[in-house]
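> Quick check, what structure comes out for this input:
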Amino acid sequence: MMADVHARRYDGFTLLEVVVGLVVIGLLIVGLMQGLHFGLLAWNTEARLTDGSDKFSTVDNILRHIVEAASPGDEVDAAPFFGSSGQLECITALPGTGPGLSQVLLQVDADHRLVLRSRSYVHAIRLKPAPPLTETRLLNGVSRLELSFWQSGSGWVRTWQSPDLPTLVRFRLVFAADQDPHWPDIIAAPLLNRP
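Numbers count the residues shown, from 1 in each chain. So this is what the prediction gives:
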């Protein structure tokens with residue numbers, strides 16, 4: 001009779017195993033819901049900051065690429081990188097234009113447009129006049145562009161004419177009062193070093 005009691009096996013789970021399983025599933029669901037809530041909050045914040053458009057992402061990518069691919073110059077020629085509070089002029093590789101370098105000028109024009117003017121860069125003395133700059137409108141309704149450059153030991157400065165590239169470049173776009181999407185500053189770092 002004693003052997004029958006030990007030989008009998010129960011199929012299924014005990015009450016304790018069911019309760020532990022439900023607690024674990026409940027904790028997983030709570031964690032997933034918090035992650036979903038955080039993701040939606042981040043998405044809504046980004047949409048509010050960029051006015052719900054894809055313009056910020058496009059302009060951000062272009063400005064970052066200009067700075068990241070800026071030519072550092074060499075030991076003979078200083079970095080061809082000049083900046084003031086309202087414009088940036090440099091030699092860089094533009095996105096989508098192939099492996100060559102371009103001479104670029106970034107500024108806000110009289111019509112309150114953020115424009116990128118560029119032409120193919122030739123590291124030589126030109127025998128003929130340089131071709132005109134090609135103008136690309138990046139954004140409308142920009143009141144002004146505020147640039148600053150990080151200089152080791154001095155912090156953020158408003159102009160850059162050093163023989164080296166700055167450590168960081170900060171772009172702040174100020175929009176007209178009727179078009180104020182409150183974009184965050186765009187900060188980029190040059191990625192190239194002198195050969």
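> which regions of the chain sit below the pLDDT cut-off?
Across the chain, the ranges flagged by pLDDT under 70 are 1-10, 44-53, 97-98, 179-181, 193-195.
> Just want the most central residue of it.
By Cα atoms, centre = their mean, the chain has its centre lying nearest to Asp60, at 4.7 Å.
> was I right about that one contacting Asp185?
No: using Cβ atoms under 8 Å, Asp60 is not in contact with Asp185, being 10.4 Å away. No exception for glycine: its C-beta is placed from N, CA and C like everyone else's.
> before we move on, back to that, what sits closest to the residue nearest to the centre of the chain if chain neighbours are left out?
Nearest non-adjacent residue to Asp60, counting by Cβ to Cβ, 6 or more residues apart in numbering: Ile186, 5.4 Å away.
> The one you found and Arg64, how far apart?
7 Å (Cβ to Cβ, to the nearest Å).
> Over to His182?
19 Å.
> what residues are up against the residue nearest to Asp60?
Val59, Asp60, Leu63, Arg64, Arg170, Phe171, Arg172, Leu173 (Cβ atoms under 8 Å, 6 or more residues apart in numbering).
> Show only the entries of these found in strands.
Arg170, Phe171, Arg172, Leu173 (DSSP state E).
> Now that we have those residues, which of them are buried?
Buried by 16 or more other Cβ atoms under 10 Å: Arg170, Phe171, Leu173, out of those.
> Between His182 and Arg64, which is the more surrounded one?
Arg64 (18 against 9; other Cβ atoms under 10 Å).
> The closest residue to that one other than its chain neighbours: what's it in contact with?
If the residues on either side of it in the chain are set aside, Arg64 comes closest to Ala188, at 4.3 Å by Cβ to Cβ, 6+ apart. Ala188 is in contact with Leu63, Arg64, Ile66, Val67, Glu68, Leu168, Val169, Phe171, counting by Cβ under 8 Å, 6+ apart.
> and Ala188, how far is that from Val30?
39 Å.
> repeat for Leu116
48 Å.
> more neighbours, those two?
The neighbour comparison of Leu116 against Val30 (other Cβ under 10 Å) goes to Leu116, with 20 against 10.
> now for the longest helix seen in the chain, which elements pack on it?
Looking across the chain with DSSP state H, the single longest helix is helix 15-49. The contact analysis (3 or more Cβ pairs under 8 Å, 6 or more residues apart in numbering; DSSP states H and E) places helix 15-49 against no helix or strand.
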